[in-house]
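Asks: sequence and predicted structure are below.
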Number of protein chains: 2
Amino acid sequence: MKNYIADRFQNLSGSVLRRFAEEAAKRNLLAFTNGNPAPETFEIEELARLASECLLTDRDKVLRYNMALGFPPLREALKERLAKKFGIDFERNDLVITSGGTQGIDLICKIFLNGSESVVVEQPSYGSCFNIYRGYGKKLLGVPIREDGLDLTELEKTLKANQDVKIIYTIPTFANPTGFTATMEKRQALYAMAQKYDVLILEDDPYSELRYKGEPTKPIKSFDSDGRVFYVGSLSKIIAPAFRLGFTVFDKAYTPQFNIAKQMTDTHSNLLAQYIAQKYLTGSDFEKHISFCQETYRHKSQLMIKLLKEKLHPSIKMSSPEGGLYVMLFLPNDYDGLKFVEKGMDSGVACIPGCAFMLDPDKSTNSVRLCYSCVSDEQIKKGVEIIGKVSHEIFD
Amino acid sequence: MKNYIADRFQNLSGSVLRRFAEEAAKRNLLAFTNGNPAPETFEIEELARLASECLLTDRDKVLRYNMALGFPPLREALKERLAKKFGIDFERNDLVITSGGTQGIDLICKIFLNGSESVVVEQPSYGSCFNIYRGYGKKLLGVPIREDGLDLTELEKTLKANQDVKIIYTIPTFANPTGFTATMEKRQALYAMAQKYDVLILEDDPYSELRYKGEPTKPIKSFDSDGRVFYVGSLSKIIAPAFRLGFTVFDKAYTPQFNIAKQMTDTHSNLLAQYIAQKYLTGSDFEKHISFCQETYRHKSQLMIKLLKEKLHPSIKMSSPEGGLYVMLFLPNDYDGLKFVEKGMDSGVACIPGCAFMLDPDKSTNSVRLCYSCVSDEQIKKGVEIIGKVSHEIFD
């Protein structure tokens, strides 16, 4: 067959993360691989009740076409929450409901990114979104992330050397895969640099609601004075990923573009899920639900980190997340994370090597991501025990 | 603010169709505008029951992430139905679940259409998808549609004059807006021409299940011997549009590309809706439901067409649909359809002028689309009475 595939698609390959998760499933391993929310945080009975209620009360309205920008009461509920909790100003901003956070990134690229322009991503970063940028832009440029946020010296070097950068992609809070959170000073300095080099910021924030420790830091969007920040949020971690609901906040000047982009992408997001989400978010028990989610992850992360400190070879360092789903190990002497993961898998436990989050996954990194969200206490104990042994076999 | 918007997006404007529907709603007019399925065909109680059942039986599985290509049992159910009912061969083809038919078109463009390549569309055609092609390709070229399908003489002229055509977009069955259906001879001749000029065919088929009269004609995909046809289907008209579920059939060679494209667009479609759809499609009453849908549209179309023949000025011609949601009027002496629609709106009835389905909506056309699907018998009687009067005022 002749090759009909578009240029942008010629060199895209599937998610490296998924490959490890799939291998773990195939080999039936104890898996710290999946960045999925804890299933015990899904309020199944309540969601089933709401699904019925929405359909039987609002009848065919729930089943018809609706607005491209999203079900108006859900948009209002989210605006209110984001204003109150994260200080985002909806006098100057607007919001579109998307089919998961992923689609928010896709829509932003569709509207703003030319084929001649580049995107800066943190290294390591959420690898599954690299393809979105590759599908629209010229190239991806990596800048290292530190415990307190992006390395701004490296960022400035990159921006100076690459006049074609249009977007900086950052996960400032409980970053995937490191669990790092940028300080307010770093956020402000990053914003100032975006102004200086006149680039846009795509602030991906799927985890802020899952802070279980420490003081919250406001999103960059909260002090965006000239509309260059696009804030991508998700309901996947606080309601359920299968609903595929997220939202993107943007300067009101771009409402017509997001409206058209959403129309031409999938008309609008699933309306039953939007109805359910609106009732759920504005229900009297939602704050209790959020507290339960936070408590769940606090408990799991504390257990895992305590055990890691006990069991791992002391030369291994790790991140100290205050929320989110991940902790990252840093192996000594630049030991290859992939080799470590392979040894772990041979002993029955799967993790994701840091290389899966790098622009070049073939390059060795000394890091390993562990996800504590969808494993039980027993699994955490058993899994960390095994990883501990592996680490001592290697580094003793 | 500086103009950060990508080139592809600079000249896109919102759906012209939507503007008329919105104006009808604002002025509270009797509306033949909306191409929505009849709300009485939504089985609300059954869908509410299934929503509850799926959540309470399959528990957190329904709420987790799932496969990018779609919920496997739903994919199987659709393959079986498409093989049996439309003769599509799933030995050589595969299927992805999309977020509505619209997303199928978006994914095909994402995978196959370069910025240097053009797309042929029927004239008139479903205007809301023009923006999708404009967002990926070089230009859109119009070829007139006739009562028995695309005008192949004009198509060949266009293909000869434009070596950059990559895709021909066609709605061969109960086309929007005309209601025309291409004969099997025309389908085969179109396929032969696509082979001769080595272009792909995007076969959009949201209405085939809604045939209420005459003999079915198999889709082009059913005799596609070299994998150049992409078949886009939808569950919007036979379950509910708000679920945003559709599917795209493609040659198995492209499974990896559709898998990646779906991952990088919205990860996967809403899973609760996929669970419900699978149970609904494979339930014992689904054929009865389809018959009910067909009967509903048969009744509405017959009533509308009978009354149009009685009330309209005899110089107005109209299409004779055998299924779908639309009938189209053709006004004599190239009378401007927009002017006709405006007069209708001033008398209390809204329709869509043919120009809304043209590449250049500012150019006058003599046609008007009437949608009979979501109006009652009473509304059809009252609305046609008014349009009839308007027609006599103009053409007597």
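Replies: On my side now, so go ahead.
Asks: please count neighbours and contacts with C-alpha atoms only from this point.
Replies: Will do.
Asks: and stretch A:72-79, average pLDDT?
Replies: Average pLDDT, stretch A:72-79: 98.
Asks: scratch that, stretch A:109-123 is what I was asking about
Replies: 97.
Asks: now swap in stretch A:347-360 and tell me
Replies: Rounded mean pLDDT across stretch A:347-360 is 96.
Asks: buried residues, that stretch. List them.
Replies: Using 16 or more other CA atoms under 10 Å in any protein chain shown as the test for burial, stretch A:347-360 gives A:347-359.
Asks: please see if that stretch touches chain B.
Replies: No: using CA under 8 Å from any CA of the partner chain, we find that stretch A:347-360 stays clear of chain B, coming within 15.3 Å at best.
Asks: ends of that stretch, what's the gap?
Replies: 27 Å (CA to CA, to the nearest Å).
Asks: in what element of secondary structure is residue A:47 found?
Replies: Remark: residue A:47 resides in helix A:44-58, with elements defined by DSSP states H and E.
Asks: so after that helix, what's the next helix or strand?
Replies: helix A:72-86.
Asks: list the neighbouring strands of the next helix or strand after that next one plus their orientation.
Replies: Heading C-terminal from helix A:72-86, the first helix or strand you meet, by DSSP H and E, is strand A:93-98. Strand A:93-98 pairs in its sheet with strand A:246-251 (antiparallel), by DSSP bridges.
Asks: need the residues that contact the strand it pairs with.
Replies: A:92-101, A:103-104, A:227-236 (CA atoms under 8 Å, 6 or more residues apart in numbering or on different chains).
Asks: at 6 Å instead, please
Replies: A:93-101, A:104, A:227, A:230-235 (CA atoms under 6 Å, 6 or more residues apart in numbering or on different chains).
Asks: what is the orientation angle of that strand with helix A:72-86?
Replies: 70 degrees (axes from the mean of the first three to the mean of the last three CA atoms, to 10 degrees).
Asks: now do strand A:246-251: distance to the chain's middle.
Replies: Distance, stretch centre to chain centre, for strand A:246-251: 15 Å (CA atoms, centre = their mean, to the nearest Å).
Asks: what about the helix or strand just after that strand and chain B, touching?
Replies: Where DSSP H and E defines the elements, the next helix or strand beyond strand A:246-251 is helix A:255-266. Yes: using CA under 6 Å from any CA of the partner chain, helix A:255-266 comes into contact with chain B via A:260, A:264-266.
Asks: what does chain A put close to chain B?
Replies: Taking CA under 6 Å from any CA, the part of chain A that reaches chain B is made up of A:5-6, A:9, A:14, A:48, A:52, A:55, A:63-65, A:99, A:102-103, A:111-114, A:132, A:240-244, A:260, A:264-266, A:270-271.
Asks: give the helix, strand or coil label for residue A:168.
Replies: strand (DSSP: H, G, I helix; E, B strand; the rest coil).
Asks: ok so, going back, name the helices or strands packed onto the helix holding residue A:47?
Replies: Where contact means 3 or more CA pairs under 6 Å, 6 or more residues apart in numbering or on different chains; DSSP states H and E, helix A:44-58 is packed against helix B:44-58.
Asks: surely residue A:135 meets residue A:10?
Replies: No: Residue A:135 is not in contact with residue A:10 according to CA atoms under 6 Å; the separation is 9.7 Å.
Asks: more neighbours: which of those two?
Replies: Comparing residue A:135 with residue A:10 by other CA atoms under 10 Å in any protein chain shown, the one with more neighbours is residue A:135, at 25 against 14.
Asks: find the nearest non-adjacent residue to the more buried one, please.
Replies: Once flanking residues are discounted, residue A:135 sits nearest to residue A:8: 5.3 Å by CA to CA, 6 or more residues apart in numbering or on different chains.
Asks: would the one you found count as being in a strand?
Replies: No: Residue A:8 is assigned helix when assessed by three-state DSSP, not a strand.
Asks: so how far is residue A:120 from it?
Replies: Here residue A:8 is placed at a distance of 18 Å from residue A:120 (CA to CA).
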